[in-house]
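Engineer: Following is a predicted model, sequence given first.
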Amino acid sequence: SGRRCEERGKGGPPLLDCRDPMTSQHQFQFPTPPVQTPVQASVRAASERAAAAASAAATPRVLELFASPELRRLLSACCPAAAKLSPERLLDRVRAEAKAAEIVHNFPARPAGEFVDVSMASLEKYGFFLNQWQAQLIPPAEAPPDASPVWTPGAFDPRSTAANASSAHYKNLGPQIAEISIFGCPPFARPLRPTWDEAANRLVYAAHNIRRLDTGSAPLFGNVGAVFRTSRVRKMVEIAPIDTGIWEASCNDTYGPPRFNLDCSYPMAPVGTLDHFDHVLYRGLGSWGGDGSRGGRLPRRSLAQSAAELIARSAVGSPSYRDAPNATELSAGSYWEANLLGNPRPDDIKLVLPFFGALFGSADGARLRRLADSHGWPVVWALGDGGNGTAPPPHGALSGTAYPGNRRLLDPTTRTAQRRLNASLPPGSAASFERAWAAAAGDRRAGPVSRAQVQRWWAGLEGVRLAPVAAAACADTDGCVGVVVDTGACVCERVLVEAASV
């Protein structure tokens, strides 16, 4: 359609084509896209209609599963209270927790490794949360100093054409196919060479955290988790039963060798929404069954075994976050992919979850604190597997290694915690954080950090231990950032608490 930048030469034609990411100087503007473009709204409306029909069709199968003797036996062993619920009441409880669960995007504080993504630098510069296509379109002249790397060998290359798109690196070809075939996004006019407007029509990847992982999503995607306000992004959410990159590699042979022996008889589409997702629940449980036909790493497990694991880790089976069963890399990787078909704003983020071992006591951790305070985001440190964050498991290597996965601490040193939240901060908590921070900074200067050092820093902290907000825990699940593990008190923004008391 030929839309061009407003910048013009003296009396001459427009200097640059805003639609084309390639210019000789790499100096075109990046206008802030709408919160949801017309294309995204149209795709999302179609998904809502399809999800309503698919969810209704799946409900009888979910109820049959929830009534099965095998699941009842497993629940009696792990979750006696849940085992006493009728199938209908159990489904109601699971639905409620699914609607209240965190929607989390994990990203690297400092871009590195496989994923080109939003970063602290881009969050500091731009007024919206970049998706991975937008992050890759920013040329070096426009990118913040440490923004995501662009145009590196083997990565996304805006100069690619239809002729060579088939040989593009899997990490862009796979998402491109999933976004079209599973989530309903229109294809780019030129494969792997989107315009800025086309990139704005795509989605922000996110995980649905019904299992209440302290890190939000799997840390391999990044050492910072951004938790979105569900009310602000609800009409953006499209949910696939499992990670679509894993499914594309394992079931669709889109790229690379099969990584998992998934049961590929469970389709990914139509996707679900936060109002209609019974089919997502059923297919997600079945996909991880490990059918054994493709080799791979997954143990064989039944629908009932998968359902029991999810229920036990959720607030349905473990109302006390402290008593939640251990997580594993496999359960952590079994999330629903709840992507955002929109362009979220900083105000749409409710809190951030930095990975403790990777960022506590570091320059990046200090920078994240400042960024969070500038937007009023509470900082809640997550211990995760207790490691140092330098060697996350490679994508696809999900082991059975167990760890608590339920260790979150509110950072009491930030202005947000001190002024915007109703949390009762213990008198010595800020001082304990400062001492531990100084010790961690010294350890980092001395050389590589060990797991033992990370555990020692954590043990020295005093403060408010938080659980994710469960469906019935707080009057406003969306405005509260956590529940105090020891007391059950809701930690919320003061303006919400004051409004509720009027």
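Structural biologist: Yep, that arrived. Residues are numbered from 1 along each chain as shown.
Engineer: and stretch 236-246, average pLDDT?
Structural biologist: The average pLDDT within stretch 236-246 is 95.
Engineer: ok now it, how far from the chain's centre?
Structural biologist: Centroid separation for stretch 236-246 versus its chain: 11 Å, with C-alpha atoms, centre = their mean, to the nearest Å.
Engineer: same question, stretch 358-376
Structural biologist: 19 Å.
Engineer: Okay, buried residues for that stretch please.
Structural biologist: 358-362, 364-365, 367-369, 371-373, 376 (16 or more other C-beta atoms under 10 Å). Bear in mind the C-beta positions are built from the backbone N, C-alpha and C, glycine included.
Engineer: Alpha carbons of that stretch, as CSV, please.
Structural biologist: Provided in CSV are the C-alpha atoms of stretch 358-376 (Å, rounded to 0.1, in the frame of the first residue of the first chain):
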residue,chain,number,x,y,z
ALA,A,358,21.4,-15.7,37.9
LEU,A,359,20.7,-12.1,38.9
PHE,A,360,20.9,-11.5,42.6
GLY,A,361,23.9,-9.3,43.5
SER,A,362,24.6,-8.6,39.8
ALA,A,363,24.7,-5.4,37.7
ASP,A,364,21.8,-6.8,35.7
GLY,A,365,19.8,-7.5,38.9
ALA,A,366,20.4,-3.9,40.0
ARG,A,367,19.3,-2.6,36.6
LEU,A,368,16.1,-4.7,36.8
ARG,A,369,15.3,-3.3,40.2
ARG,A,370,15.5,0.2,38.8
LEU,A,371,13.5,-0.7,35.7
ALA,A,372,10.8,-2.3,37.9
ASP,A,373,10.6,0.7,40.2
SER,A,374,10.2,3.1,37.2
HIS,A,375,7.1,1.2,36.2
GLY,A,376,5.8,0.3,39.7
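Engineer: Need the residues that contact that stretch.
Structural biologist: Outside stretch 358-376, the residues that touch it by C-beta atoms under 8 Å, 6 or more residues apart in numbering are 109-110, 120, 123-124, 219, 223-224, 346-347, 349, 352, 354, 377-379, 381, 388-390, 411, 413-416, 420, 436-441, 443-444, 454, 457.
Engineer: Show only the entries of the residues you listed found in strands.
Structural biologist: Per DSSP state E, strands hold the following members of those: 224, 349, 352, 354, 381.
Engineer: Any chance of TSV for those residues, columns pLDDT?
Structural biologist: What follows is these, written out as TSV (pLDDT from 0 to 100):
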residue	pLDDT
224	95
349	97
352	98
354	97
381	98
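Engineer: Select from these the one having the most neighbours.
Structural biologist: Neighbour counts for the ones in strands among the contacts of stretch 358-376 were taken using other C-beta atoms under 10 Å; the highest belongs to residue 224, with 31 neighbours.
Engineer: partners of that residue in the sheet?
Structural biologist: Using DSSP bridges, the bridge partners assigned to residue 224 are residue 107, residue 354.
Engineer: now the helix or strand containing residue 366 against strand 349-354, angle please.
Structural biologist: Counting by DSSP states H and E, the secondary-structure element that holds residue 366 is helix 363-375. Between helix 363-375 and strand 349-354, the angle comes out at 170 degrees (axes from the mean of the first three to the mean of the last three C-alpha atoms, to 10 degrees).
Engineer: My assumption is that residue 45 lies in a strand; please confirm.
Structural biologist: No: under DSSP: H, G, I helix; E, B strand; the rest coil, residue 45 sits outside any strand and is assigned helix.
Engineer: ok, which stretches of this structure are strands?
Structural biologist: Taking DSSP E as the criterion, the chain carries its strands at 103-107, 207-208, 224-228, 237-240, 327-328, 336-340, 349-354, 380-382, 402-403, 408-410, 466-467, 480-484, 490-492.
Engineer: Mind giving me the packing neighbours of the fifth one?
Structural biologist: Contacts defined by 3 or more C-beta pairs under 8 Å, 6 or more residues apart in numbering; DSSP states H and E place strand 327-328 against strand 402-403.
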